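Novice: Below: sequence and its predicted model.
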Amino acid sequence: MAAPRKGSQGRAGLIFGDLWEFDPAPETADPKLKARYDLFINGEFVRPRSGKTFDSINPANEQKLAEIALAGAADVDRAYQAATKAFKGWSALPGRERGKYIFRIARLLQDRAREFAVAETMDGGKPIKESRDFDVPMAAAHFFYHAGWADKLAYVAPGRGVAPLGVVGQVIPWNFPLLMLAWKLAPALAMGNCVVLKPAETTSVTALKLAEILQDAGLPPGVVNLVTGAGETGAAVMGHPAAAKVAFTGSTEVGKRIMRQLAGTDRRMTMELGGKAANIVFDDAPIDQAVEGIVNGIFFNQGHVCCAGSRLLVHEPVAERVIAKLKNRIRVLRVGDPLDKNTDLGAINSREQLSRITRLVASGVREGAVKYQPPCMLPKKGFYFPPTLFTHVTQSHRIAREEIFGPVLSILTFRTVDEAIEKANNTPYGLSAGVWTDKGSRILRMSTELKAGVVWANTFNRFDPSSPFGGYKESGFGREGGRQGLLDYARLA
Ligand code: NAD
């Protein structure tokens, strides 16, 4: 082991990083993957009428994980037919009966939690400690929570009464594949709707493994149908005339495209889109906790998080101290094999996403911001990017305006509360924000004046199924989670 190095304050600091040899600690549970996954329509796995397939690869080593069926328009139509047929029976079931199925799904997912965590990590690149401790338990929690609602729907809109909408079309992204699926499926099913869902093309595996659970839970055929493919399949799901509602999570660009596609129809919509959240640190904040919150805010899931705290706004009196501590902290982050339990940052989800991050980071350097990356050895094979900080960032820089969706933090400073609010709101997005301060009144003021769907105080990236999540402005509309999320799948009587 090397001698302790001098820390940022001139004191000796323990730098783990690559100086300490860790024995590899790979998660060994069997993900029970199949070589090929077909479409899940009407309760069974069926070959695609398109006759086409595509590969899902492991971004950590670029090896093929599985072959996935590609759904064409005829397959999507078949899925909608199955869902339409199933709707009559499913919506007529008493809520307590629907609740039993959803409870069963939650329990079966818990039973197979380790297997799902490994599959999620291999398919998407996220560290096993995150899929094991966050993605899978949170997905189960969403099913449990909504199972609990299914027999209490009279209280979703007291005095009004609610009814399901019909068949809903859902399209989700690749950053939290199983969790986004749970966010979408659970409230729709609890309310009595049937579903046609498309996972993202780089991360279809855990959705199709969940189809096995739906079968084991005895869910009636056609209540949930899963069609796999890329943008064209997504457009067919969103545009199908049998959809009473569409729910989309993904980029603002694609969200806008879908809204143009559906303009003039009476289709109900929920849009959960991109973000560029401000994480705001005042001089009276508990600095060490704030540094942990900043690190969690931007490096959790390699920064592939819609509500990531990708813009740090730091109060000038403490800026130098916070930045020094941050640099010190990110030197000990371990980047590498996502299946290793010691890994903090896993693989970037795809080659395309890696090149987007690389492009935006290059623009930051070109436009005059100062880049800091700790020394770290990246695996030779696979898609990896080191944790990155930018100082001397101005509001006009692309790295301060555009969603990078990677482990890259843009740091700006402010002098007054008003300036912090103005800078935080100076973005087309409005999904989330964080405030770090000792002052309760300041937290209250910030939470009303920040235009963001969620504002965390002295913490970041906290989620709960009972807490509605969603955006303002170009981050979208509609909510997921809580009573509000259920209302988005209901017709008011
Ligand atoms: P994306 O928009 O490229 O793709 C999302 C999904 O849409 C994928 O399944 C894709 O196949 C599909 N798709 C692509 N073109 C389509 C079209 N024309 N019609 C219908 N579907 C189409 O986004 P992504 O790169 O997968 O995900 C990252 C984005 O998702 C980021 O912008 C992130 O902020 C956002 N996101 C938002 C939330 C939220 O709750 N607000 C949550 C997670 C991710």
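Specialist: Thanks, I have it.
Novice: Distance check, Arg356 against Ser350.
Specialist: Computed as Cβ to Cβ, to the nearest Å, the Arg356 to Ser350 distance reads 9 Å. Every residue, glycine included, has its C-beta placed from N, CA and C.
Novice: anything in contact with each of those two?
Specialist: Shared contacts of Arg356 and Ser350 (Cβ atoms under 8 Å, 6 or more residues apart in numbering): none.
Novice: Pretty sure Thr206 sits against Val118.
Specialist: No - contact status for Thr206 versus Val118: not in contact, 10.1 Å apart, counting by Cβ atoms under 8 Å.
Novice: higher neighbour count, those two?
Specialist: Thr206 (28 against 24; other Cβ atoms under 10 Å).
Novice: Show me the contact partners of the host helix or strand of that one.
Specialist: Here Thr206 sits within helix 205-216, counting by DSSP states H and E. Outside helix 205-216, the residues that touch it by Cβ under 8 Å, 6+ apart are 32-33, 37, 40, 43-45, 56, 65-66, 68, 104-105, 108-109, 112, 115-116, 119-120, 122-123, 177-178, 181, 197, 199, 223-224, 226, 228.
Novice: do stretch 441-448 as well
Specialist: 280, 282, 417, 420-421, 433, 435, 437, 455, 457-458.
Novice: What number of residues are in the vicinity of the closest residue to the ligand within the stretch 101-250 of the chain?
Specialist: Among all residues of the stretch 101-250 of the chain, Gly234 sits closest to the ligand, at 2.2 Å; criterion: Cβ to the nearest ligand atom. Neighbours of Gly234 under the rule other Cβ under 10 Å: 26.
Novice: same question, Asp438
Specialist: 12.
Novice: which residue sits closest to it in space, ignoring its chain neighbours?
Specialist: Asp284 (4.3 Å; Cβ to Cβ, 6 or more residues apart in numbering).
Novice: Look at that neighbour and tell me its secondary structure.
Specialist: Here Asp284 is recorded as coil under DSSP: H, G, I helix; E, B strand; the rest coil.
Novice: quick one: terminal-to-terminal distance for stretch 466-475?
Specialist: End-to-end distance of stretch 466-475 (Cα to Cα, to the nearest Å): 20 Å.
Novice: Centre of the chain to it, how far?
Specialist: 13 Å (Cα atoms, centre = their mean, to the nearest Å).
Novice: Which residues does that stretch contact?
Specialist: 145, 183, 252, 270-275, 306-307, 427-431, 451-454, 463, 476-485.
Novice: could you pick out which of these are near the ligand?
Specialist: 272-275, 306, 431, 476 (Cβ under 6 Å from any ligand atom).
Novice: which one of those residues sits closest to Glu402?
Specialist: Gly274 (9.0 Å; Cβ to Cβ).
Novice: just checking, that closest one touches Tyr429?
Specialist: Yes - the pair Gly274 and Tyr429 qualifies as a contact (Cβ under 8 Å) at a distance of 6.0 Å.
Novice: Find residues that contact each of those two.
Specialist: 252, 403, 474-475.
Novice: Mind putting these into JSON lines with neighbour count and pLDDT?
Specialist: Output for the shared contacts of Gly274 and Tyr429, formatted as JSON lines (neighbours: other Cβ atoms under 10 Å; pLDDT from 0 to 100):
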{"residue": "Thr252", "neighbour count": "20", "pLDDT": "98"}
{"residue": "Glu403", "neighbour count": "25", "pLDDT": "98"}
{"residue": "Glu474", "neighbour count": "20", "pLDDT": "98"}
{"residue": "Ser475", "neighbour count": "28", "pLDDT": "98"}
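Novice: Have a look at Gly274 and Tyr429 and say which one is more surrounded.
Specialist: Between Gly274 and Tyr429, counted using other Cβ under 10 Å, the more crowded position is Tyr429 (27 against 23).
Novice: who touches that one in this structure?
Specialist: Contacts of Tyr429 (Cβ under 8 Å, 6+ apart): 252, 273-277, 403, 471, 473-475.
Novice: What distance do you get for it to Lys245?
Specialist: In terms of Cβ to Cβ, Tyr429 sits 24 Å off from Lys245.
Novice: try Met271
Specialist: For Met271, the distance to Lys245 - Cβ to Cβ - is 12 Å.
Novice: what's the answer for Asp23, then?
Specialist: 51 Å.
Novice: can you count the residues close to the residue nearest to Lys451 when sequence neighbours are not counted?
Specialist: Of all residues not flanking Lys451 in the chain, Gly430 sits nearest, at 4.5 Å (Cβ to Cβ, 6+ apart). Gly430 has 23 neighbours, counted by other Cβ under 10 Å.
Novice: Would you confirm that Gly430 contacts Phe477?
Specialist: No - because the distance of 10.4 Å does not satisfy Cβ under 8 Å, Gly430 is recorded as not touching Phe477.
Novice: For the stretch 301-450 of the chain, which segments count as strands?
Specialist: 311-315, 370-372, 388-391, 408-414, 432-436 (DSSP state E, counting those that start in this stretch).
Novice: Contact distance from the ligand - what residues of the stretch 51-200 of the chain qualify?
Specialist: Close to the ligand, as judged by Cβ under 6 Å from any ligand atom, the stretch 51-200 of the chain has residues 171-175, 198, 200.
Novice: State the pair within those that is farthest apart.
Specialist: With distances taken as Cβ to Cβ, the most widely separated pair in these is Asn175 and Lys198, at 15.3 Å.
Novice: Compare the two and say which is more crowded by neighbours.
Specialist: Lys198 (28 against 24).
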